[in-house]
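In: kindly generate the corresponding structure for this input.
(4 chains)
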Amino acid sequence: MPGLLSKPAPPSEDKRWRIVEATMRRNGYAPHALIETLHSIQETFGYLDEASMRYTAASLRVPLSKVYGVATFYHFFALKPQGKHVCVVCMGTSCYIKGAGTLLETVEKEYGIRAGETTPDGEISLLKARCIGSCGLAPACVLDGVVAPKVTPENLLERLKELTGQPAAAQKNGASKP
Amino acid sequence: MPDATALYQVVTLVINGVEISARSDQTIMQAAEENEIEIPGLCHLTGLKDIGACRLCVVEVKGAPRLVPSCVTRVAEGMEIFTHSERVVNYRRTILEMLYAERNHVCSVCVSNGHCDLQALALKCGLEYVHLPYMTPRLKIDASHDRFVYDPNRCVLCTRCVRVCDEIEGAHTWDVMGRGIEARVVTDLGQPWGESETCTGCGKCVHVCPTGALFEKGKSVAEMEKRRQFLPYLTVMREVKR
Amino acid sequence: MNLDELQKMAEQEREVKEGQPQKIRVCMGTGCVASFSDRVLQALNEKCKEMGLERDVLRLEVGCLGLCSNGPLVKVDKHNTLYQHVTPEDVPTILESLKEGPGEGDICPTDLPFFTRQQKIVLENSGVINPDQIEEYIAADGYLALLTAVSQMSPTEVIAEITHSGLRGRGGAGYPTGLKWNTVAKAPSEKKYVICNGDEGDPGAFMDRSVMEDDPHRVLEGMAIAAYAVGADQGYIYVRAEYPRAIKRLKTAINRAERLGLLGKNIGGTPFSFHVEVRVGAGAFVCGEETALIASIEGHRGQPRPRPPYPAQSGLWGFPTLINNVETFANVPSIIRRGAAWFAGIGTEKSKGTKVFCLTGAVAHTGLIEVPMGITLREIVFDIGGGIPNGRKFKAVQTGGPSGGCIPEQFLDMPVDYDSLKSVGSIMGSGGMIVIDDSSCMVDVAKYFMEFCMSESCGKCIPCRVGTAQMYHLLQQITAGEATMTELALLEELCEMVRDTSLCGLGQSAPNPVISTLRFFREEYLAHIQERRCPAGVCPITATEGVLSHA
Amino acid sequence: MSRVKVATVWLDGCSGCHMSFLDMDEALIDLGKKIEVVYSPLVDNKVFPESVDVSIVEGAVSSEEDLHKIRMVRERTKILVALGDCAVTSNVPGMRNPFGVGPILHRAYTENVSIQPKTPTQVIPPLLPRARPIHSVVAVDVFVPGCPPSAGTIHFVLSELLEGRIPDLSQKTRFGA
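Out: Alright, predicted model coming up:
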């Protein structure tokens, strides 16, 4: 297998691989740096593809199946690219008892996707979070990295439509913005 | 072979009311076995590292707040152990039921029918029917390898295949992906087994597999007998070399 | 930096502070930022510039001020006024008040029980200091305990102090901290590790995040004292990836502390060295279990292993390892600084000190509170929390997250401590406290937690992997009105079995929310089963006939 | 002494268990002195009697008709025996469960058929969403796993029941035996 005995080359010319390499170097290319390295890839490229997992395995001398086992064990790692916009519904206890389940259902129904999926046009990814720690503002969502406090199904859909640039149905009906 | 320089003492303990002696570096399961008390186990296989995962071998130890897995718990002086109390016998049966309910185990059409560790355990533990609801997941069979087949429907996630591949063969082709009820054993990056670049095709995983989840191609119902003599042999030979 | 130098620096820093002009504190806790306190700060900065007040008004970005439900919060030191629900438009009014005194604006009364009934040890600096400025921590007597310990106390004396304080682990089970330290200290090994468990995974709890974000040096100091006591020279602080702000602040804090010689080589000019690294988790609740956490730091799947051997004997890479959680370590500097007797004077006989809770759910004031052990639930819910809003009726308090239980009204006057909570089938846990009113269905709540445990189960042992999934499906049947008494009996049987046979704490405690709701709210289960009715009107019961219709 | 009234019932199974029953051969002659087969696919009586001492049921509960039938059998029976793996575990009929009814019917009546591919809608009783073991629908008194249980096992079961004992089969037969 090429690249097993010598130092493997990054999967592409992309300069961003230097960031990943720096992470591995800082950890002395030790096998225990696996999670740190995967974090670095995910942070840099948004997700872990097969080539990046192979590169990690070869660089840190970790079995392929172990890399895959670790990458799929932790919910934070994504093996597929995410949509242009990301909607995270917090499913922490406070949010749940204040109706986070309905929020999730609303988005699932509106866009025909389930939590963890991305719309076919790649516009929106819907994710569930265990608890984003904004329990005082329940129910909360995170839209493209910004926490939205005290969300209702109506204003959530409206905001999503703002994000994707589509006019919101509610707006057309003259409903006021939150 | 016992190592003469090893630091162990002889301890006395009581198993099911019978006083026995054992070496302090032995597990409860080993000590019981030497005294012809059989404690059922599934993830345990002599020659592989124990992980205490299947929980079938749990026993009651007097004074201990919890049940202990006998495959990884060492004996101690004065221990009083009950390997077949009503409570653990019932729990064992439920654990087996959980396995039968978790995947799609249809013994009558299985290559391992009659040669299956899970089936044998069910018989030993008096499991006549499964009172838990069957979960019937839909799982794809992987027949891409030219000599072997992986049928996740019959997998019990004991990880014997993972361990034998890592510890004995040294290839680490198998590992577990996902978690919880979604966990599966996979080869390499989850691609078909036949495309694995690390698999040496040695077949050790097939033969340590307790059920018909891993089997040789061409075997029909009840034809797949597992051969495991190699495992103690390899283990002993490696120890001698060391 | 040695002890004298540290004290001198603290003195100077305090003098500078005294001589400083007007101070306005803007809460930059995650809760307030989510309510756009960053925009408030920006407006404040712009306005000050515009009015030429840049030098006269010191704008401080502080950590959580506690009352998240009323954020964004802004505090004006001069007349000790707390503004709530602040928007950028309120900024002129606030600046005006520096001259005129507080008049207009949405002012939050600071004599609310929410503030007055608290007693702050762990959170003493939260909302007071800027967490990115080590000098501010030092001015608040920070690192005094560490340098005192390493230069004037023996490791044995440090452990004795912790033991006498009666501090118990704040992560869940409440194991005596001194005892744990002693075991690690006695373990014969050249190499030892200290790990801080910052993998706060309970849904509805964010105390540890706040401490790490608002006062990171306190945690690091606690870890360093522990390392000195047990003889470790390397530490890891394992933080959830979901807490990017905490990760950043901790990394900054480590950097600053190393530069001042308060961490790293030869701390305080003594032979004691201690290096800390941040390790980022990746979204697995089970990594809060100590053996799984160790596996994760080693780069493996976060699966627990059977204990013994305990990490205190064989932990990270097989070496003796001390693991405590964030809040436990955060208590340590105060104990060393103020003495074991002072700490032991707070709380109840068996539960000493204070506990930080994250009070959320159906109460008027939600947020972060720190209260002495032994306070009653009623005081927390009705005095501090301000009672149940919207004219609803109190139903239960859920503590301990997915490993805990629901406590009904008849136990509201029970003192909050480890043993009392345990006696009613719940646990202290890491400190989530969710108030539930009569608009919630207890079966639905139990189902929620079971779904959590099911998807967080690592899958290694059969009882937890399959048992949680089976129990979740049974609860689904019950909430859908498809279950019979057979399913209920099966559910109860599985609760017991999963609790007794699972490998780690996650599985062993997964049935707790079901067990406790069955114990106190059995009639709600029966209503779903026998009358096909959800008393709270939460569950959509559609089934018309028996189990087969949806099978 | 009147003979013990025995019924045998055939739900979703291959009739292998009934074959195994017949395999008792000459032992049947002796049994015949003690039992009376009041209902069975093997005899002419097509009406299930109001009261039966022992009902031996082969097959899984797969259709509305099976469900209706097993409920009726249970009501009129003192001791209900689940005979064979299909009755005990749902076995081969249960292998469709992961796929769901729609895809299974499509596969059977459309995909694999060259002449007039069409799923029948009349005459055939509708399938339940899942094929189920009998005990998940009605209470079962005796479980006899095996595919099929041997003639000896069935003989043992009946002999024990005739002696007034519930047979202990835990070491006599197993799933797939």
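In: and the residue of chain A that's closest to chain D?
Out: When you check chain A against chain D by Cβ to the nearest Cβ, the closest residue turns out to be A:R114, at 17.7 Å. C-beta coordinates here come from the backbone N, C-alpha and C atoms, glycine included.
In: who touches that residue in this structure?
Out: If you count contacts by Cβ atoms under 8 Å, 6 or more residues apart in numbering or on different chains, A:R114 has them with A:108, A:126.
In: check the one 5 residues further on too.
Out: Applying Cβ under 8 Å, 6+ apart to A:T119 gives the contacts A:83, A:111-113, A:125.
In: which members of those are classed as buried?
Out: A:83, A:111, A:113, A:125 (16 or more other Cβ atoms under 10 Å in any protein chain shown).
In: now D:D141. Nearest residue, chain neighbours left out?
Out: Ranked by Cβ to Cβ, 6 or more residues apart in numbering or on different chains and with sequence neighbours excluded, the top spatial neighbour of D:D141 is D:I79, at 4.8 Å.
In: is it correct that the one you found is in contact with D:I56?
Out: No: in this structure D:I79 lies outside contact range of D:I56 using Cβ atoms under 8 Å: 9.4 Å.
In: out of those two, which sits in the more crowded spot?
Out: Using other Cβ atoms under 10 Å in any protein chain shown as the criterion, D:I79 and D:I56 rank with D:I56 on top: 28 against 16.
In: which elements pack onto the one helix or strand that one maps to?
Out: With elements delineated by DSSP states H and E, D:I56 resides in strand D:52-58, which encompasses its position. Using 3 or more Cβ pairs under 8 Å, 6 or more residues apart in numbering or on different chains; DSSP states H and E as the contact definition, the elements that strand D:52-58 packs against are strand D:4-10, helix D:16-22, strand D:35-39, helix D:64-75, strand D:77-83, helix D:85-89, helix D:151-162.
In: now do 6 Å
Out: Under the contact definition 3 or more Cβ pairs under 6 Å, 6 or more residues apart in numbering or on different chains; DSSP states H and E, strand D:52-58 sits against strand D:4-10, strand D:77-83.
In: quick one: contacts of the first one?
Out: Yep, that's strand D:4-10 we're talking about. Contacts of strand D:4-10 with the rest of the structure, by Cβ atoms under 6 Å, 6 or more residues apart in numbering or on different chains, involve D:35-41, D:52-59, D:73.
In: switch to 7 Å and redo it
Out: The list of residues contacting strand D:4-10 from outside it, by Cβ atoms under 7 Å, 6 or more residues apart in numbering or on different chains, reads D:18, D:21, D:34-42, D:48-49, D:52-59, D:69, D:73, D:162.
In: now which of those would you call buried?
Out: Judged by neighbour count, with 16+ other Cβ under 10 Å as the criterion, the buried members of those are D:18, D:21, D:35, D:37-40, D:48, D:52-59, D:69, D:73, D:162.
In: which residues does the nearest residue to B:Q9 once chain neighbours are set aside contact?
Out: The shortest distance from B:Q9 to any residue that is not its chain neighbour, by Cβ to Cβ, 6+ apart, is 4.7 Å, and that residue is B:S24. By Cβ under 7 Å, 6+ apart, the contact set of B:S24 is B:8-9, B:11, B:74-75.
In: repeat that for 8 Å
Out: The neighbourhood of B:S24, defined by Cβ under 8 Å, 6+ apart, consists of B:8-11, B:74-77.
In: now the angle from the strand holding D:I56 to strand D:77-83?
Out: In terms of direction (axes from the mean of the first three to the mean of the last three Cα atoms, to 10 degrees), strand D:52-58 departs from strand D:77-83 by 20 degrees.
In: is it true that the residue of chain A closest to chain D lies in a strand?
Out: No: according to DSSP: H, G, I helix; E, B strand; the rest coil, the state of A:R114 is coil, so it is not within a strand.
In: so for it, what's the pLDDT?
Out: Confidence at A:R114, expressed as pLDDT, is 91.
In: swap in C:L95?
Out: Confidence at C:L95, expressed as pLDDT, is 88.
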